[in-house]
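1. A predicted structure for the sequence below; I have some questions about it.
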Amino acid sequence: MRFVKKERLNNEILIKELFERGSSFYLFPFKVHLLNNPDPEFPFHQVMFSVSKRNFKKAVDRNLLKRRMREAFRLNKNMLPASRKLLIAYIYTAKEILTFTQIQERLVKTLNRFDHVEKV
RNA sequence: GCAGCAAGUUGCCUUAUCGCCCGGCAUGCAAGUGCAGGGAGGAAAGUCCGGGCAACACAGAGCAUCGUACUUCCUAACGGGAAGGGCUGCUGAUGUAACAGUCAGCAGUACAGAAAGUGCCACAGAAAACAAACUACCCUGACUUGUCGGGGAAAAGGUGAAAAGGUGAGGUAAGAGCUCACCGGUUCUGCAGCGAUGCAGGGCGCAUGGUAAACCUUACGAGUUGUAAAAUCAAAUAGGUCACGCUCCUGAAAGGGAUUCUGCUGCUCGCAGGAAUUUCAGCGUGAUGGGUAGAUCGCUUGACCCUGAUGGUGACAUCCGGGCUAGAUAAAUGGUAAGGUAUCCCGAUGUAAAAGUCGGGAGGAACAGAACCCGGCUUACAGACUUGCUACUUUU
RNA sequence: GGUCCCGUGGCCGAGCGGCUAGGCAGAGCUCUGCAAAAGCUUCCACAGCGGUUCGAAUCCGCUCGGGACCU
């Protein structure tokens, strides 16, 4: 399953919109922000991954965690709802580096919860 | 053989599979798809220096500010590097009564000027810088004979981080570079060296302690800002400018001569109010410049890398041949599975003890991620390999 | 990406070459029937390493940590 550049959330206006008006929930080790894409014609879900510099000083560690999150999302993104297109932000809140299997297991749980989150 | 130190090189590998970024070729109107390639470091880090490149600024000189500071060389440049010199420390030899001194080796060194000027030097000490004189010393006067006064001198004591050249001899009332020898210092001349400086000889009894990573002086250097710079294209919205329109509708100012309408009064004159007219604003339509989001470019062929030759003590330079080696932008190198190396643990074997060998297990390995590009410096770094030096052990 | 500033007991905070002030907090004592307040005593510090200097929290260099600003 491919994960191309257009599925990445990189527009500053949309990001601002997501954090100001989107709904969010915590599920260790993530904080997840969620919003319907204002442009309903857009063909993809868009997602971004973030790791705080405050928790991980070294760029190597931040890169590693973002890679693991991105890979876990890529392998499980078919679980996303097809009816609506979402803007998603994953923020890594744990203080230590988890293994890929742990991250994948938790990320699947967040995907399952998307259906229960009310439309905003 | 083993241990330590220094310098240099390297810094996980293989296979399968699913993916990410880049450009190339093919195909397609396009979205895309397919094929074969490439894809982090020695420090990519810290941002401590220097340069390229870019925009802006800029007559010349001086002052101010900031930086650098033994010499020569290397370099695009540097606060970097190379070679050399001085100084300091340690070790050994020599030397001495003991120091000092001399020679050799190793290590360190932000190492211009303190005799241009100013400041500071706590405590202790008599005194901390034009010298002075507490104790003690020498000469001498007085008397109450162990005190007081006058003079000499700066060697000894103690204090301190530092006390006004050091050692020895002569000299003297006691002393003192007061005089002499050696050492040190300073200055002049000669020789050697591109130079820092060194060596030799002569003069000066030696007159001014430290601190410039205190102010300062001298010499040299420095325009400012940074690739998120700069350049090109360019939505939406607001506003700027220009043109046209305003039949109807709105506001302000001018105008009210003529014409026309209404009112005062039926007419004329007169007066008042409006319309018409002009200008500005407003509204509508179109054009246009700046320029935001966004896109492109800057962007990777360069003081580049590799092999070799030549010159140079060396940093480095020149030349022949070959190579193209990341370009992301909410930011590309990852996930999974299997195996193997390095390391660690356990057991067996082996041995004087190790090493080695076999089996099983742990573990997936150090520091660390390009962001315009180079040259350095600094800091982090498990393990492996090479070379040199030192110490120990064994054998010849 | 670039630029600048700060670091002193548990906390706040002065000190700019010569023994690290002061306040709050903690501990003990006095006072009180007990406590509070007050008074006295005490405990605990210059981020780290190296250099300059007789002497460094202070001056210089490097490192670590924290913060601010520009775009």
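-> The structure has been received and is ready for your questions.
2. Give me the residues contacting the worst-scoring helix or strand of chain A on mean pLDDT.
-> When the helices and strands of chain A are compared on mean pLDDT, DSSP states H and E, helix A:12-21 comes out lowest with a mean of 78. With Cβ atoms under 8 Å, 6 or more residues apart in numbering as the test, helix A:12-21 has contacts from A:9, A:33-35, A:37-38, A:46, A:48, A:87, A:89, A:120. Just so you know, the C-beta spots here come from the backbone N, C-alpha and C atoms, and that holds for glycine as well.
3. For PyMOL, write the select line for the buried members of these.
-> This is the PyMOL syntax for the buried subset of the contacts of helix A:12-21, where burial follows 16 or more other Cβ atoms under 10 Å:
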select buried, chain A and resi 9+33+34+35+37+46+48+87+89
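4. Which member of the contacts of helix A:12-21 is positioned nearest residue A:64?
-> For the contacts of helix A:12-21, the residue nearest residue A:64 by Cβ to Cβ is residue A:48; the value is 17.0 Å.
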